[in-house]
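Engineer: Build me a structure from this.
(one chain, ligands or ions: 1)
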Amino acid sequence: MASISGLCSPSSTFKPEKFIPKTLSTSASPHSLLSIRRDSIAFHNKSKLSDRCFDRSSTPLAHSVARDIPASLTPTTDDALPKSNNRGLEKDPRALWKRYVDWLYQHKELGLYLDVSRVGFPDEFLDEMEPKFQKAFDHMVKLEKGAIANPDEGRMVGHYWLRNPKLAPNSFLRLQIENTLEALCKFADDVVSGKIKPPSSPEGRFTQVLSVGIGGSALGPQFVAEALAPDNPPLKIRFIDNTDPAGIDHQIAQLGPELASTLVIVISKSGGTPETRNGLLEVQKAFREAGLEFAKQGVAITQENSLLDNTARIEGWVARFPMFDWVGGRTSEMSAVGLLPAALQGIDIREMLAGASLMDEANRTTVVRNNPAALLALCWYWASDGIGSKDMVVLPYKDSLLLFSRYLQQLVMESLGKEFDLDGNRVNQGLSVYGNKGSTDQHAYIQQLREGVHNFFATFIEVLRDRPPGHDWELEPGVTCGDYLFGMLQGTRSALYANDRESITVTVQEVTPRSVGALIALYERAVGIYAALININAYHQPGVEAGKKAAGEVLALQKRVLAILNEASCKEPVEPLTLEEVAERCHAPEDIEMIYKIIAHMAANDRALIAEGNCGSPRSIKVFLGECNVDELYA
Ligand SMILES: O=P(O)(O)OC[C@H]1O[C@](O)(CO)[C@@H](O)[C@@H]1O
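Structural biologist: From the prediction side, this is the model:
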């Protein structure tokens, strides 16, 4: 408890400093501090850091060792543990407490703490990594100064300028950022106050936001809405983030008559993402059917002159806000993409920006121990051998942070999951992220985390304030509901560590716009630094294109299948075709499996009729169309 009250109360005797002098950690002999860590150093040295990036053929020793001891033989709490074990993690409570204090990072102004003590790297690991970190810091300095940090796409990477426009490499960009922020704040104020209103709503003002976008054009706004929207926001928000027609129908049905007072924000950096375009077309159809004029309720956030931008301009939508070429989708939460939806929900976006800016500042120090993003990157590198050998399980113990792990999934995996490094070597890098929230997940998969396959490290996100002041009560003597949540987090952290499962803990005082901005900035920078450590481009996503291209080919094949079936269905009598016949007439015998799937999908949606057989026996099928489209036949 002492450590926790230390965290909460500035007047307590335990005051960990933001700057932790090296002497503190070296006052005791480094060897006496973590004697068992020599094993891990040995493991570490066995496969040199630089080699481990590329050699995936050998199983990391840590994994094989971890499987040697049955989980049932290990105690469950730190206190009950032997002083050391043979898996390389310190278990002596006094040494652990010292490690905790020595390594604890505190950002006083943000009220944010980072505890890396339950990740077992030895001090020597940091020494060994130091040159790589200095190179990474140098890379980040150049990036912030406007270098082409995304070489494949020839782009600057400027999300850090969004919260500190003075850093932008020229005054044109600075003004672009400042003017956009001002314009969106004014627009949000005018919408909330009813100055800008929907043309035909009985309420006389906008009451709902429908955000249409996907990936980085949805995940940040979704996370922030869940984390920060007040219980009764000025405008409530809904999302269409997929091309699932049933999902879209559901959102529109839920709006019901309030469609007339819904501000539709279409978000797409490229302005041409198919899922987003489909969402827009579906929403526009709903507007037509309700007799509403979409343009009077539509807002676009996209790059200048994109397809979406041109559509919005030509159709005269209510407003358009720019997405900048030098901001990637997954780091766009502090651009109009994230700020406009947040402002419309009454979230203090200037506080979000302030939190992010403060965190950025802290992450510019070149002293790894004092740089929270670098500390995270260090832990990721250690825990996953610098090759993503372990997954990162993110567990916020706070319902409102539920979507943080989902948000981080894109930020981390789309950034780090790359086939080639910057020198063109095939590295198949990445770091898998998953998680929902604690303590809920304790009743789902924590069983496996503690006792099952050892393929992860955890990150706990702890929020000290349980609920607003004056609302707490003891549901049993001396214990509140929030104490249980706290206990669950601490218990799981201890139980995992007892079984050699490493964890990081990020602690914030409260979930506020400032702390959420800081968390986003912390992870953005950790990803940037880690990417530099492993020498990959974190700012492109070439792998996504393959799936998009293949989807396009499927739809093109479907059009050919439809034309063939139409031709056969226009015959008198109708000529039902086997799959082989369809494939042959499409000149695509090698695509017969895809043709089968296309036909099965069309049949399930009443767009093709099965004359003979059933979809469970593909060879038995004979298919035709219910209607012959003569126009198409001669088109
Ligand atoms: O904002 P856009 O251009 O519609 O892209 C949406 C998402 O699609 C991707 O390009 C690929 O998934 C993401 O990087 C991006 O956030």
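Engineer: How many neighbouring residues does Leu555 have?
Structural biologist: Burial of Leu555 is recorded as 10 neighbouring residues (other Cβ atoms under 10 Å). In short, each C-beta sits where N, CA and C put it, glycine included.
Engineer: what do you get for Asn179?
Structural biologist: A count of neighbours around Asn179, defined by other Cβ under 10 Å, yields 12.
Engineer: you'd agree it is in a strand?
Structural biologist: No - inclusion of Asn179 in a strand is not indicated when DSSP: H, G, I helix; E, B strand; the rest coil is applied; the result is helix.
Engineer: From the ligand, how far off is it?
Structural biologist: Computed with Cβ to the nearest ligand atom, to the nearest Å, the distance linking Asn179 and the ligand is 21 Å.
Engineer: residue contacts, that residue?
Structural biologist: Counting by Cβ atoms under 8 Å, 6 or more residues apart in numbering, Asn179 makes contact with nothing.
Engineer: So for it, what's the pLDDT?
Structural biologist: Predicted confidence (pLDDT) for Asn179: 98.
Engineer: Give me the pLDDT value at the closest residue to the ligand within the stretch 51-200 of the chain.
Structural biologist: Among the residues of the stretch 51-200 of the chain, Glu153 lies nearest to the ligand; the distance is 11.3 Å by Cβ to the nearest ligand atom. Per-residue confidence (pLDDT) for Glu153: 92.
Engineer: Burial check on it, number of neighbours?
Structural biologist: Using other Cβ under 10 Å, Glu153 has 14 neighbouring residues.
Engineer: And Val367, by the same measure?
Structural biologist: Using other Cβ under 10 Å, Val367 is surrounded by 12 other residues.
Engineer: quick one: it from Ala551, how far?
Structural biologist: Shown here: Val367 relative to Ala551, a distance of 47 Å by Cβ to Cβ, to the nearest Å.
Engineer: same thing with Leu255?
Structural biologist: Distance from Leu255 to Ala551, counting by Cβ to Cβ: 28 Å.
Engineer: Which of those two has more residues huddled nearby?
Structural biologist: For Leu255 against Ala551, the residue with the higher neighbour count under other Cβ under 10 Å is Leu255, and the figures read 20 against 12.
Engineer: Give me the pLDDT for that one.
Structural biologist: Turning to Leu255, the model gives it a pLDDT of 98.
Engineer: For the stretch 301-450 of the chain, which segments are assigned as strands?
Structural biologist: If you assign secondary structure with DSSP state E, counting those that start in this stretch, the strands in the stretch 301-450 of the chain sit at 319-322, 391-396, 433-434.
Engineer: mind listing what Ser630 touches?
Structural biologist: I think there's a mix-up here, since residue 630 is Val and not Ser. Under the criterion of Cβ under 8 Å, 6+ apart, the neighbours of Val630 are Cys570.
Engineer: any idea of the pLDDT on it?
Structural biologist: 87.
Engineer: any idea how far it lies from the ligand?
Structural biologist: In this view, Val630 and the ligand are 38 Å apart by Cβ to the nearest ligand atom.
Engineer: what residues does the chain put near the ligand?
Structural biologist: Counting by Cβ under 6 Å from any ligand atom, the positions of the chain adjacent to the ligand are 214-217, 268-270, 273, 276, 329-330, 414, 541, 544.
Engineer: go with 8 Å
Structural biologist: Taking Cβ under 8 Å from any ligand atom as the measure of proximity, the chain contacts the ligand at 213-219, 267-273, 275-276, 302, 323, 328-330, 332, 337, 410, 414, 541, 544, 548.
Engineer: ChimeraX command for the buried members of those residues?
Structural biologist: Only the buried members of these enter the following ChimeraX selection, criterion being 16 or more other Cβ atoms under 10 Å:
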select :213,214,215,216,217,218,219,267,268,269,271,273,275,276,302,323,328,329,330,332,337,410,414,541
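Engineer: Among the residues of the chain next to the ligand, which lie within helices?
Structural biologist: Taking DSSP state H as the definition of helices, these contribute 219, 275-276, 337, 410, 414, 544, 548.
Engineer: could I get those as JSON lines with pLDDT and distance to Ala312?
Structural biologist: Listed next are those as JSON lines, based on pLDDT from 0 to 100; distance: Cβ to Cβ, whole Å:
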{"residue": "Leu219", "pLDDT": "98", "distance to Ala312": "22"}
{"residue": "Glu275", "pLDDT": "97", "distance to Ala312": "18"}
{"residue": "Thr276", "pLDDT": "98", "distance to Ala312": "13"}
{"residue": "Val337", "pLDDT": "98", "distance to Ala312": "15"}
{"residue": "Gln410", "pLDDT": "98", "distance to Ala312": "25"}
{"residue": "Glu414", "pLDDT": "98", "distance to Ala312": "26"}
{"residue": "Val544", "pLDDT": "92", "distance to Ala312": "24"}
{"residue": "Lys548", "pLDDT": "86", "distance to Ala312": "23"}
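Engineer: and the closest residue in space to Gly338 that isn't next to it in sequence, what pLDDT?
Structural biologist: Distances taken as Cβ to Cβ, 6 or more residues apart in numbering put Gly220 closest to Gly338, at 4.4 Å, once the chain neighbours are dropped. Note for Gly220: predicted pLDDT of 98.
Engineer: Near Gly220, how many other residues are there?
Structural biologist: By other Cβ under 10 Å, neighbour count at Gly220 equals 29.
Engineer: Do I have it right that it meets Ala336?
Structural biologist: No - checked against Cβ atoms under 8 Å, the pair Gly220 and Ala336 is beyond contact range at 11.3 Å.
Engineer: any shared contact partners between these two?
Structural biologist: Listed contacts common to Gly220 and Ala336 are nil; contacts here mean Cβ under 8 Å, 6+ apart.
Engineer: on that earlier part again, and the residue of the stretch 51-200 of the chain closest to the ligand, helix, strand or coil?
Structural biologist: Classification of Glu153 into helix, strand or coil gives coil, according to three-state DSSP.
Engineer: Go ahead and confirm it touches Tyr539.
Structural biologist: Yes - in terms of Cβ under 8 Å, Glu153 counts as a neighbour of Tyr539; the distance is 7.4 Å.
Engineer: Quote the end-to-end distance of stretch 254-265.
Structural biologist: Across stretch 254-265, the terminal residues are separated by 17 Å (Cα to Cα, to the nearest Å).
Engineer: Hmm, I typed the wrong one, I wanted stretch 287-302.
Structural biologist: Per Cα to Cα, the first residue of stretch 287-302 is 22 Å away from its last.
Engineer: got the buried residues for that stretch?
Structural biologist: By neighbour count on 16+ other Cβ under 10 Å, the buried set for stretch 287-302 is 287, 292, 294-295, 297-302.
Engineer: Just the mean pLDDT for it, thanks.
Structural biologist: 98.
Engineer: which residues touch that stretch?
Structural biologist: For stretch 287-302, the surrounding residues in contact (Cβ under 8 Å, 6+ apart) are 198-200, 206, 213, 217, 259-260, 262-271, 283-284, 308-309, 311-312, 315-323, 336-337, 340.
Engineer: In PyMOL, how would I select the buried members of the residues you listed?
Structural biologist: Of the contacts of stretch 287-302, the buried ones go into a single PyMOL selection, burial set by 16+ other Cβ under 10 Å:
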select buried, resi 198+206+213+217+259+260+262+263+264+265+266+267+268+269+271+283+284+308+309+311+312+317+318+319+320+321+322+323+336+337+340
